[in-house]
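Colleague: Mind looking at a prediction? Sequence and model below.
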Amino acid sequence: MLSSQLISMKPIKQDNPLGCAVACAAFILRITYGESLNLFKNGRNKANSTGFLCKEIIAVLEQIGFKYEYKHVNGKTKKKIRRLNSIVFLRRSKRYPRGHYMVRSANNRWMDPWINFPNKEIEAGYRGRLPERPIYGILEIE
């Protein structure tokens, strides 16, 4: 895929209350949210009730042939989360009571699958900065 196509990639909105991980995986895999949801074990139920762990996202990406690992974000990993297709898990907070996943895009911005949270009419978009502190990074293994 040409880098110009990557830059113009449309953000993917989550269709379930806790489906941000599904949308981030779909964005990396260049598939629809529904196709991504089907790759997650018990996906529909978890996207509506509990959400997903980092290792579950990695398992989905590995099904397709990607190699990822997750790490706690600290001084060593802080720069690595800014790489293309890195996913971050934002800490649980008043703003994000269950936490939130976002993915780094080719336009050096963060694809946010629910940029207007907590609005019920979910919209996805791009952010220049993370709105909360990341605690985990899901990083492609080089």
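Modeller: Happy to help now that I have it. Residues are numbered from 1 along each chain as shown.

Colleague: make it CA atoms for all contacts and neighbour counts henceforth
Modeller: Noted.

Colleague: Apart from its neighbours in sequence, what residue is nearest the residue most central in space within the chain?
Modeller: The centre of the chain sits closest to residue 24, judged by C-alpha atoms, centre = their mean, with a distance of 3.1 Å. With C-alpha to C-alpha, 6 or more residues apart in numbering as the criterion, residue 24 has its nearest non-adjacent residue at 5.8 Å, and that residue is residue 103.

Colleague: does that neighbour count as helix, strand or coil?
Modeller: On the three-state scheme (DSSP: H, G, I helix; E, B strand; the rest coil), residue 103 is labelled strand.

Colleague: Tell me which residues are up against the lengthiest strand in the chain.
Modeller: When the chain is parsed with DSSP state E, its longest strand is strand 134-140. Here strand 134-140 makes contact (C-alpha atoms under 8 Å, 6 or more residues apart in numbering) with 54, 58, 66-73, 77, 80-81, 85-91.

Colleague: strands paired with it, and their directions?
Modeller: Strand 134-140 has the following sheet partners, assigned by DSSP bridges: strand 68-72 (antiparallel), strand 87-90 (antiparallel).

Colleague: Let me see the ranges of the helices in the chain.
Modeller: Secondary structure of the chain (DSSP state H): helices at 3-7, 20-29, 33-39, 43-49, 54-63.

Colleague: and the third one, how far out from the chain's middle?
Modeller: Distance of helix 33-39 from the chain centroid (C-alpha atoms, centre = their mean, to the nearest Å) equals 13 Å.

Colleague: ok, back up a step: indicate which one of the helices of the chain is closest to residue 99.
Modeller: Evaluated over these, closeness to residue 99 peaks at helix 20-29, with 9.6 Å, by C-alpha to C-alpha.

Colleague: Now restrict the contacts of strand 134-140 to buried residues only.
Modeller: Buried subset of the contacts of strand 134-140 (neighbour count, 16 or more other C-alpha atoms under 10 Å): 54, 58, 68, 70, 73, 81, 85-91.
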